[in-house]
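1. Model the structure of this input:
(2 chains)
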Amino acid sequence: MFRVDGKVAVVVGGAGGIGEALGYGLAEYGAKVVIADVNAEKAEQIAQDIRSKFKSEAVAIKFDITDEKSVAQLREQVVSKFGTIDILVNSQGVNVKYPATEFPVKDWDFMFNINVRGTMLTCRELGKVMIEKKSGKVINLSSVRGVRATFWGGNEGYCATKASIDMITRSLASEWAQYKINVNAIGPSTIATPFSERTLQDPERLKRFLASCPLGRVGQPVDIVGACIFLASPASDYITGQILYLDGGLTAIG
Amino acid sequence: MAAELFRLDGKVAVVIGGAGGLGEPIATGFAQQGAKVVVASRRLDAVQAVAEKIRKETGADAAAFQVDATNEQSVAQLVEQVVAKFGTVDILMNAHGTAIKRPAAEFPLDVWNEQFNLNVNAVMLPCREFGKVMIEKQKGKIINMSSERGSRVTIWGGNVGYSASKGALEMYTRALASEWAPYNINVNGVAPSIIRTPLTESLGILSEEHLTKYLANCPLKRVGEPEDIVGVTVFLAAPASDFITGAIIYLDGGVNIIS
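-> Just a heads-up that it's a prediction; the model follows:
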């Protein structure tokens, strides 16, 4: 019940730290994986490695998540190559920190463009295929920062984008339940990828973070894979609209 | 490596309430993923039948013991019996519980106490006693069966006792997760809405009138089936969920997200 054999999985932001791990994981469980990212070179590297490691079909598709036409074209390219879309993982994300009194509008808009509008657009465009076939699994990458602010400042924008993703997740789950499309999200805490370098390399921040995490460690990309496969597979067919927190217990305490 | 994420090979899993409508599919699911399974309940003949069925269907090593989870000596004895049989305990699934409705203005104290005894005390005691083994080995997985009604109340009445008991169970689950995190013990809960089981049948929850009200508020427009409980409990028992603790996962077709 945890297998996704023959399913077509599109990993948006598949060239990023988390996206990469998820692409490999989905391939290992049988999916034909599309690594969709603006970073074409890295996406192609990953797709090639997946093809050779798992002898499975995997392709890289370059696209621009800020451009509606490009997102629609992504859908067309996937359908043209694989015939359908079964699983959509939105693992794109950017974080630009600024003190609240200085937050530049252009950076605020940039974050909302990639994190929120990007999620809305990929769901809108790729969801059309799922609605047609009355079946699908959407997994959005949220964060503990969608429900918990950080001790340190600067994250007003990022936290707001993640809370938005949570409500997109719930709204879509409600709206698309009639098409048997499950829409859920994963809410990691700090995961060891280049995205979190600043937190991981600052001893003060790291210490603070570890003190807030009952399991006392940062997450590794592999910690996200299990939850993603669970949500992509039949094992979670009765679960929708949920945010699963992969956070070593961070959201349980306080 | 990812291939092992949902496997329970060599793990010893104890399912209390193992002959119940949820407990039996869960125990079978654990066995299918490679675990050695203990099913325990007040009804020895019922769990013996389940253990036999599991052995036949999955080839797994399965044992049955009697336990009264509201009784300290009985629970301590169960731990001893499991350790004597299988050497250790890796996974504890508290799949037992009851649902007793009474109007709030008439709720008898003895019925209130009985419900808390069965839904809260009878989870605390197994956690306390089996936890000792897990603390010793610095590893373990505990999964408690909560309910939608532990955080979202019904629009129909009668459930003050049930909801209060499941709410207590959820906070116990989170507090335990926090306290035992240093020992690498994950403690989580599952909150189903309506699953088709003998219990829900007997309570009239699956009647047409009742279901109409429920389905109106359930985005996926169906009740859960016993198979639905297997995926989430295996997930929480397996390495796939090693970084999840103190969480309550809703198995409810989306009931908790809308209003």
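
2. C-alpha from now on. contacts and neighbour counts both.
-> Fine.

3. B:I143 looks like it's in a strand, true?
-> Yes: counting by DSSP: H, G, I helix; E, B strand; the rest coil, B:I143 is found in a strand.

4. Which elements pack onto the longest helix seen in chain A?
-> When chain A is parsed with DSSP state H, its longest helix is helix A:156-176. Applying 3 or more CA pairs under 8 Å, 6 or more residues apart in numbering or on different chains; DSSP states H and E, one finds that helix A:156-176 contacts helix A:105-111, helix A:118-133, strand A:136-141, strand A:181-188.

5. Quick one: the strands in chain B, in order.
-> For chain B, the strands defined by DSSP state E cover B:12-16, B:36-41, B:62-66, B:91-94, B:140-145, B:185-192, B:248-251.

6. Give me the distance between the third one and the centre of its chain.
-> The one in question is strand B:62-66. In terms of CA atoms, centre = their mean, to the nearest Å, the centre of strand B:62-66 is found 17 Å from the chain centre.

7. likewise the first one?
-> Strand B:12-16 sits 10 Å away from the centroid of its parent chain (CA atoms, centre = their mean).

8. The nearest residue to B:A13 once chain neighbours are set aside: neighbour count?
-> Of all residues not flanking B:A13 in the chain, B:I91 sits nearest, at 4.5 Å (CA to CA, 6 or more residues apart in numbering or on different chains). Using other CA atoms under 10 Å in any protein chain shown, B:I91 has 28 neighbouring residues.

9. Return the distance of B:I91 relative to chain A.
-> B:I91 sits 18 Å away from chain A, going by CA to the nearest CA, to the nearest Å.

10. still on that earlier bit, starting at the chain centroid, how far to the longest helix of chain A?
-> Relative to its parent chain, helix A:156-176 has a centroid offset of 12 Å by CA atoms, centre = their mean.

11. got a list of contacts for that helix?
-> A:94-97, A:100, A:108, A:111-112, A:115-116, A:119-120, A:131, A:140-143, A:145-149, A:181-185, A:240-243, B:219, B:254, B:257-258 (CA atoms under 8 Å, 6 or more residues apart in numbering or on different chains).

12. correct me, but the residue nearest to B:A13 touches B:V12?
-> Yes: at 6.3 Å, B:I91 and B:V12 qualify as touching, with contact defined as CA atoms under 8 Å.

13. Let me see the mean pLDDT of stretch A:113-125.
-> Here stretch A:113-125 scores 98 as its mean pLDDT.

14. Stretch A:39-58 now?
-> 97.

15. Can you name the residues of the stretch 101-250 of chain B that neighbour chain A?
-> Residues of the stretch 101-250 of chain B that fall close to chain A, judged by CA under 8 Å from any CA of the partner chain: B:174-175, B:177-178, B:181-182, B:184, B:219-221, B:224, B:228, B:230-232, B:235, B:239-247, B:249-250.

16. Distance check, B:D61 against chain A.
-> Taken as CA to the nearest CA, the span from B:D61 to chain A is 22 Å.

17. Apart from its chain neighbours, what residue comes closest to that residue?
-> B:D61 sits nearest to B:K36 (CA to CA, 6+ apart), 5.0 Å away.

18. on that earlier part again, flag every buried residue along the longest helix of chain A.
-> For helix A:156-176, a neighbour-count test (16 or more other CA atoms under 10 Å in any protein chain shown) marks A:156-166, A:168-174, A:176 as buried.

19. who's in contact with the residue nearest to B:D61?
-> Going by CA under 8 Å, 6+ apart, B:K36 touches B:10-13, B:30, B:60-62, B:86.

20. Could you do B:T98 as well?
-> Here B:T98 is in contact with B:115, B:118-119 (CA under 8 Å, 6+ apart).

21. got it, and B:G97?
-> With contact set as CA under 8 Å, 6+ apart, B:G97 has these partners: B:17, B:118-119, B:145.

22. can you list the residues of chain A near chain B?
-> Counting by CA under 8 Å from any CA, chain A sits next to chain B at A:1-2, A:25, A:28-29, A:170, A:173-175, A:177-178, A:180, A:214-216, A:219, A:222-223, A:225-227, A:230, A:235-242, A:244-249, A:251-253.

23. buried set for the helix or strand of chain A with the lowest mean pLDDT?
-> None of the helices or strands of chain A scores lower by mean pLDDT, DSSP states H and E than helix A:197-201, at a mean of 84. Across helix A:197-201, burial judged by 16+ other CA under 10 Å covers A:199-200.

24. Same question for stretch B:165-173.
-> Buried residues in stretch B:165-173 (16+ other CA under 10 Å): B:165-173.

25. where do the strands sit along chain A?
-> A:8-12, A:32-37, A:58-62, A:87-90, A:136-141, A:181-188, A:243-246.

26. just so I know, which of the ones you listed lies nearest B:L215?
-> strand A:181-188 (16.7 Å; CA to CA).

27. What is that closest one packed up against?
-> Using 3+ CA pairs under 8 Å, 6+ apart, strand A:181-188 is in contact with strand A:136-141, helix A:156-176, helix A:221-232, strand A:243-246.

28. For these, give me JSON lines that also has mean pLDDT.
-> Listed next are those as JSON lines, based on pLDDT from 0 to 100:
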{"stretch": "strand A:136-141", "mean pLDDT": "98"}
{"stretch": "helix A:156-176", "mean pLDDT": "98"}
{"stretch": "helix A:221-232", "mean pLDDT": "95"}
{"stretch": "strand A:243-246", "mean pLDDT": "98"}
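
29. Figure out which of those is closest to A:S70.
-> Across the helices and strands packed on strand A:181-188, closest to A:S70 is strand A:136-141 (CA to CA), at 19.4 Å.

30. for chain B, which spans come out with low pLDDT?
-> Scanning chain B for pLDDT under 70 picks out B:1.
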